[in-house]
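A.B. asks: Any chance you can model this:
(one chain, ligands or ions: 1)
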Amino acid sequence: MKSHRLRAAILLLVAINMAALTGLLPVVVVLARDGTVDSDMPFFENRYETDHFVLKWTNKSKRSGDNISDPQIIKDSAEYLETAWGKYTELFGRPPHTAPGKDKMEVVFWDNDCYGVSDPPDGPIQFGSVAWVNNPTIRKPTSAHELFHKLQYAYGYRIRWNPKTPYRWFTEGTAAWSEAFVWGRVSLDCKVCTLFKDTSMDLYEADYTAMPFWVYFVQGNKENPNNQLMVKFFEKCEQLHDERLALNEVIKETYGSVDGFFKGFAKERKSGFWNNACVPYKCILGPGGQDLVEEVKALQGRWNRN
Ligand SMILES: [Zn+2]
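C.D. replies: Numbering: from 1, shown residues only. Next comes the predicted model:
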């Protein structure tokens with residue numbers, strides 16, 4: 001992905017320089033805008049439309065990894081996206097971000113070397129065809145995850161404000177939380193297990209493995225989860241343009257002491273985090289169908305006995 005983009009950017013720069021010398025600049029600008037210079041994306045001859053999405057795919061690309069021959073894969077994915085859309089709009093009271101002037105969100109499938117991308121904010125959701133065809137169990141959680149990035153954009157993230165580095169504990173962490181919130185499963189088992197295997201890892205460096213922190217934040221490890229806290233948190237982010245400040249304010253309002261909250265989390269990381277958890281956090285399946293919550297419990301049980 002990144003190397004493709006870098007190569008395309010260099011090509012574009014060279015082309016612009018050459019064009020400036022030869023007086024051909026307008027032609028190059030047109031080429032860049034329609035995507036033939038800055039993307040390896042294939043042409044999509046197929047299209048499937050639902051209430052909120054337009055899905056596009058190919059089965060005629062010269063690069064075999066782009067191709068999807070079974071349209072049912074696309075129809076299933078559309079259904080997963082619509083399910084996530086419904087859950088998000090119900091909880092958050094607003095739809096994910098759609099590009100200005102478009103009434104539906106574009107979704108494309110091609111060989112982009114990853115499970116999915118929702119970047120830039122106005123661009124399409126891009127699912128990786130190779131992963132999509134070969135690993136059917138990632139389709140549900142990855143659909144929820146990529147659509148959640150679009151919901152983050154609906155709160156102005158990357159449109160009206162940018163988080164401070166490191167920020168992936170927030171952007172990827174909450175998107176990983178959404179996988180469990182919508183489906184009770186994740187696309188990679190490390191999203192649930194890593195924070196417990198390495199209890200000294202700094203939360204802010206945890207990237208998408210910060211996911212259990214967000215479960216803890218909404219009390220998903222208690223009898224009555226409070227998913228509304230995620231709504232409050234994103235509303236605060238929108239007001240304050242600062243994810244750490246926003247989180248601290250919601251913690252203060254809800255739990256009293258910010259310090260006490262983080263200490264409580266650090267303690268539960270080491271012992272008994274997932275006792276009495278409720279659906280959908282009680283059982284979180286990994287891509288192989290294994291219950292990752294049980295794996296964490298077994299891990300903590302081992303430590304507690306030592
Ligand atoms: Zn992501």
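
A.B. asks: Near the ion, which residues of the stretch 51-200 of the chain? Just list them.
C.D. replies: Applying CB under 5 Å from the ion, we find that the stretch 51-200 of the chain lies next to the ion at 172, 175. The way it works is simple: take the backbone N, C-alpha and C, and place the C-beta from them, glycine included.

A.B. asks: all helices for the stretch 51-200 of the chain, in order.
C.D. replies: Using DSSP state H, counting those that start in this stretch, the helices found in the stretch 51-200 of the chain span residues 71-92, 129-134, 139-154, 168-183, 190-197.

A.B. asks: Touching the shortest one from outside, list them.
C.D. replies: Pointing back at helix 129-134 there. 57, 65-68, 73, 77, 109-112, 114-115, 138-139, 142 (CB atoms under 8 Å, 6 or more residues apart in numbering).

A.B. asks: What are the buried residues along it?
C.D. replies: 129-133 (16 or more other CB atoms under 10 Å).

A.B. asks: From the chain's centroid, how far away is that helix?
C.D. replies: Averaging C-alpha positions (CA atoms, centre = their mean, to the nearest Å) puts helix 129-134 17 Å from its chain's average.

A.B. asks: Check the average confidence over it, would you?
C.D. replies: Across helix 129-134, the average pLDDT comes to 98.

A.B. asks: count of residues packed around the residue nearest to residue 234 when sequence neighbours are not counted?
C.D. replies: The shortest distance from residue 234 to any non-neighbouring residue, by CB to CB, 6 or more residues apart in numbering, is to residue 155 (4.6 Å). Neighbourhood size, residue 155 [other CB atoms under 10 Å]: 22.

A.B. asks: does residue 155 really touch residue 235, like I thought?
C.D. replies: Yes: if you go by CB atoms under 8 Å, residue 155 and residue 235 touch, sitting 7.4 Å apart.

A.B. asks: for the chain, what are the low-confidence residue spans?
C.D. replies: Within the chain, the stretches with pLDDT under 70 are 1-39, 306.

A.B. asks: so which of the helices of the stretch 51-200 of the chain comes closest to residue 98?
C.D. replies: Set against residue 98 and scored by CB to CB, those come closest in helix 139-154, at 7.6 Å.

A.B. asks: name the helices or strands packed onto that closest one?
C.D. replies: In terms of contacts (3 or more CB pairs under 8 Å, 6 or more residues apart in numbering; DSSP states H and E), helix 139-154 is packed against helix 71-92, strand 116-117, strand 125-128, helix 168-183.

A.B. asks: need the ones you listed in TSV with distance to residue 197 and mean neighbour count, can you?
C.D. replies: Below are these laid out as TSV (distance: least, CB to CB, whole Å; neighbours: other CB atoms under 10 Å):
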stretch	distance to residue 197	mean neighbour count
helix 71-92	28	17
strand 116-117	25	22
strand 125-128	27	25
helix 168-183	16	24
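
A.B. asks: chain center to stretch 261-269, what's the gap?
C.D. replies: Per CA atoms, centre = their mean, the centroid offset for stretch 261-269 relative to its chain is 25 Å.

A.B. asks: Strands of this structure, start to end?
C.D. replies: For the chain, the strands defined by DSSP state E occupy 46-49, 53-57, 105-110, 116-117, 125-128.

A.B. asks: The fourth one pairs with which strands?
C.D. replies: Put plainly, it is strand 116-117. strand 125-128 (antiparallel) (DSSP bridges).

A.B. asks: got the contact list for the strand it pairs with?
C.D. replies: 41, 77, 81, 105-118, 142-143, 146-147, 150.

A.B. asks: How about the contacts made by residue 100?
C.D. replies: Applying CB under 8 Å, 6+ apart to residue 100 gives the contacts residue 122.

A.B. asks: With residue 177 instead?
C.D. replies: The contact partners of residue 177, taken as CB under 8 Å, 6+ apart, are 211, 214-215, 218, 230.

A.B. asks: 10 Å - rerun?
C.D. replies: 144-145, 148, 186, 191, 208, 210-215, 217-218, 220, 227, 230, 281 (CB atoms under 10 Å, 6 or more residues apart in numbering).

A.B. asks: any idea how far it is from residue 42?
C.D. replies: Separation of residue 177 from residue 42 (CB to CB, to the nearest Å): 33 Å.

A.B. asks: Chain neighbours aside, what residue packs nearest to residue 54?
C.D. replies: Take residue 54 and drop its neighbours on the chain: the residue closest to it by CB to CB, 6+ apart is residue 104, 4.9 Å away.

A.B. asks: Could you tell me how many residues sit around residue 234?
C.D. replies: 22.

A.B. asks: Residue 156 is in contact with that one, correct?
C.D. replies: Yes: the criterion here is CB atoms under 10 Å, and residue 234 meets it with residue 156 at 9.4 Å.
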